[in-house]
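Engineer: with the sequence up front, the predicted model follows.
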Amino acid sequence: MKPKHFHPFRGFTAILLKEFIVVLRDPMTLFFMLFPPIVEMIAFGYALDTDVKHMATLVLDEDRTMESRQIIDQFENTQTFRVVGEVHSVSELAEAIRRGKAYVGIEIPPDFTRNLHANRTARIQVLIDGSNSSIASSALNTALNIGFRNGLLTLAERIDLKDLPVEVRPQVLYNPEMRSPNFFIPGVIGVVLQIATVFATAMSLVRERERGTLEQLLVSPLSRWGLMLGKLVPYLCIGMLMGAALFAIMRYVFHVPIAGNVGTLMLGTLLYVFCLLSLGLLISTKAENQIQALQMSMMFILPSVFFSGFIFPRETMPAIFYWISCTLPATYYIELERAVVLRGASLMDFGFNLVVLGAMGAALFSLCALRFKQKIA
Amino acid sequence: MAAEPMIQCDNLTKRFGHFTAVDHVSFTVAKGSIFGFLGPNGSGKSTVIRMLCGLLEPSDGRATLAGFDVAKETEKIKSLIGYMSQKFSLYDELTVYENLTFYSRLYGLSGAALAKRREELITLTHLEPYLNRRASLLSGGWRQRLAMACSLVHRPSVLFLDEPTAGIDPVARRELWDLLFEFSSQGITLFVTTHYMDEAERCSHVGYIYMSKLVVCGEPDDLKQLPMVNPPDTKRIDVTCDHVTKGLQAIRHLPGVRTATVFGQSMHLLVDKTVSEEYIRGQLEKVNIPHADIRPIAPSLEDVFVALTTSSSNNGGGK
């Protein structure tokens, strides 16, 4: 027998090269790794656009004066409302909203201008479809604002004031147009990266178990670290490729500028993907078949969608969910991503997140190598 | 043949929960022998192989391979054994050539050594025409040759083959055995499980496992001499005649006939010594079978296993 030195990663090259061929030869694996995240990214990206703009609005102008037309113009000028037509009765207005023809109805009563000039309260009625609460509240605020402003200006005129006594001049930093994609898209990337990567490694080892090739590997002198790393590295390459593609879509399809350093972003992505792949491997040491692997992966991915701060801010969560969010790699990654993409944060500013991601990845990877039994029962 | 032992099992036992898959099995496999391990499905054959390969931890007892404890010194036995599992586990996405390369690398070969060994194995198993074919597109016989080549890359001292001929056509089956004899002549110890009795007859030693227990173990010729197989005052005869199944119905319940089984165009009988050829001929003529060729025969391995299985299940309740 040839003398063999113990090598902690023995068999790594063999597994690595084999895995690359297997992945590249199996178009379905590659397809399921690359296609769904990109579709999900585009779908999520458009669906999560919560900017309230150009809401279909119907007008019932019973006053028909210059003043009433000015008020309607003010509504349109906010960009929140878009007048799509006129109606001739209150019931017609209500009916149109019920049928979904419009979100908002503005009714200006016949005595509007008269009341305005007679120092009586001039009323405008605004009907809003409240089905979608966030859209409705945005419309409501805009409408109320117009009312307040007009009221104050009229009041100021009467007491001969040239300027309003208080004026707030907001300056929005980092996302000056307050486009919601800028906030959501980086989060979407964090979430969709999980789906393909966790499944990919979870499946790849389970498939070997199902096919019986794992037994063949176990009787060989392959070390478990070599097996795990050989399985992980090809998917790490694919994961990084996918990450780059997703950032390109973010930049060029959704026009979200990357304020910070792309290198920092990719370093974060590398650690994050490593974490996710290790998690997939950990699942595969436990799961006996592909269905189980799929279910276990979902058990991890779903909480990440809700608790990672991707949609709901973590700070307002009940304590228990906040603590759950602290255990999820997605939380740290999405925070890092947003900071780098939107605020141009540097490596040092979010070094903590990188360290946490790296530590999580190393811990998960070690755990699955140690947990992996070189026995079949 | 007093060759040194390659594999020694001592009360090897495996329990899965309440089920005992392998029950205190003890046997020895001599270096360089072809050991045939027989038994029905689910009798524990694969479990024994998996324990000997270090894939399963024995619940009780121990086994050594080349002197190494298979449970405790697993890493040491890995370079000594080749294992071909039941399903000829290969990577379907890889070609024949790539499968061979992969397994060679897995066992630490590289560069010129790898290329040389790969060539040797290709020549040995005649895989040249299929080198660029995906493993998934190979027929059963060629898959099994490839699996065998892959399990030999590191020149193991022992080769375990778990039902290598299941689902293979007869020609491929014979060619496989030719290959196995070639390995054996090179000094490799072979441990083969099978269902086929004709394959068992080719082995230098056989073991028969039934209901998790080893029923018998030894050289085929010795087993055929066992008293349990040849009860006193009985003889085995072969009766060749027309309408064998009809004849069997006429013969099997006669006094003095202990067992009767159809073998193709003839039947094998175990009868009392007192039962004469004329008596059997007479009984066959009664059912309109005029010509019968009757001659004495030695027990086959199948007879051995049937006899021992029957007696072991009869004793099973009492013991």
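Structural biologist: Looks like it arrived, so ask away.
Engineer: the spatially closest residue to residue A:18 that is not a sequence neighbour: how many residues sit nearby?
Structural biologist: Spatial nearest neighbour of residue A:18, excluding adjacent residues (CB to CB, 6 or more residues apart in numbering or on different chains): residue B:102 at 4.7 Å. Quick note: C-beta positions are derived from backbone N, CA and C, even for glycine. With neighbours defined by other CB atoms under 10 Å in any protein chain shown, the count for residue B:102 comes to 21.
Engineer: I'd say residue B:102 and residue A:16 touch.
Structural biologist: No - judged on CB atoms under 8 Å, residue B:102 makes no contact with residue A:16 at a distance of 10.6 Å.
Engineer: least confident secondary structure element in chain B?
Structural biologist: Lowest on mean pLDDT, DSSP states H and E among the helices and strands of chain B sits helix B:301-316, with a mean of 77.
Engineer: just the CA coordinates of that helix, formatted as PDB?
Structural biologist: The C-alpha trace of helix B:301-316 is given here as PDB (Å, rounded to 0.1, in the frame of the first residue of the first chain):
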ATOM      1  CA  LEU B 301     -26.300 -26.400  -3.900                       C
ATOM      2  CA  GLU B 302     -29.900 -25.500  -4.200                       C
ATOM      3  CA  ASP B 303     -30.800 -28.900  -2.600                       C
ATOM      4  CA  VAL B 304     -28.300 -28.100   0.100                       C
ATOM      5  CA  PHE B 305     -29.900 -24.700   0.900                       C
ATOM      6  CA  VAL B 306     -33.500 -26.000   0.600                       C
ATOM      7  CA  ALA B 307     -32.700 -28.800   3.000                       C
ATOM      8  CA  LEU B 308     -30.900 -26.500   5.500                       C
ATOM      9  CA  THR B 309     -33.500 -23.800   5.300                       C
ATOM     10  CA  THR B 310     -36.300 -26.300   6.000                       C
ATOM     11  CA  SER B 311     -34.500 -27.800   9.000                       C
ATOM     12  CA  SER B 312     -33.400 -24.400  10.400                       C
ATOM     13  CA  SER B 313     -37.000 -23.000  10.300                       C
ATOM     14  CA  ASN B 314     -38.200 -26.300  11.900                       C
ATOM     15  CA  ASN B 315     -35.700 -25.800  14.700                       C
ATOM     16  CA  GLY B 316     -36.200 -22.100  14.800                       C
END
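Engineer: which other residues reach that helix?
Structural biologist: B:38, B:197, B:200-201, B:206, B:208, B:210-211, B:213, B:215-216, B:220, B:223-224, B:226, B:228-229, B:236, B:259, B:261, B:268, B:270, B:299 (CB atoms under 8 Å, 6 or more residues apart in numbering or on different chains).
Engineer: next one: the one helix or strand residue A:205 maps to to chain centre, how far?
Structural biologist: Here residue A:205 sits within helix A:180-211, counting by DSSP states H and E. Its chain's average C-alpha position is 14 Å from that of helix A:180-211, according to CA atoms, centre = their mean, to the nearest Å.
Engineer: roughly how far apart are residue A:331 and residue A:182?
Structural biologist: 19 Å (CB to CB, to the nearest Å).
Engineer: other SSEs contacting the helix holding residue A:205?
Structural biologist: Judged by 3 or more CB pairs under 8 Å, 6 or more residues apart in numbering or on different chains; DSSP states H and E, the packing partners of helix A:180-211 are helix A:27-47, helix A:213-218, helix A:224-252, helix A:262-286, helix A:290-307, helix A:329-343.
Engineer: dump those helices to TSV, plus mean pLDDT.
Structural biologist: Conversion of these to TSV gives the following (pLDDT from 0 to 100):
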stretch	mean pLDDT
helix A:27-47	82
helix A:213-218	90
helix A:224-252	92
helix A:262-286	93
helix A:290-307	87
helix A:329-343	91
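Engineer: all strands of the stretch 151-300 of chain B, in order?
Structural biologist: B:158-162, B:189-194, B:205-210, B:213-218, B:234-241, B:257-263, B:266-272, B:292-296 (DSSP state E, counting those that start in this stretch).
Engineer: picking up where we left off before, would you reformat the helices and strands packed on helix A:180-211 as TSV and include distance to residue B:116?
Structural biologist: As requested, the helices and strands packed on helix A:180-211 are exported to TSV (distance: least, CB to CB, whole Å):
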stretch	distance to residue B:116
helix A:27-47	34
helix A:213-218	23
helix A:224-252	24
helix A:262-286	35
helix A:290-307	39
helix A:329-343	47
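Engineer: quick one, which of these gets closest to residue B:243.
Structural biologist: Ranking the helices and strands packed on helix A:180-211 by their distance to residue B:243 (criterion: CB to CB) puts helix A:213-218 first, at 49.1 Å.
Engineer: packing partners of the closest one?
Structural biologist: Checking 3+ CB pairs under 8 Å, 6+ apart, helix A:213-218 ends up next to helix A:180-211.
Engineer: can you give me the angle the helix it packs on makes with helix A:262-286?
Structural biologist: Counting by axes from the mean of the first three to the mean of the last three CA atoms, to 10 degrees, helix A:180-211 lies at 30 degrees to helix A:262-286.
Engineer: give me the neighbour count for residue A:323.
Structural biologist: Count around residue A:323 with other CB under 10 Å applied: 11.
Engineer: which SSE is it in?
Structural biologist: Using DSSP H and E, residue A:323 maps to helix A:319-326.
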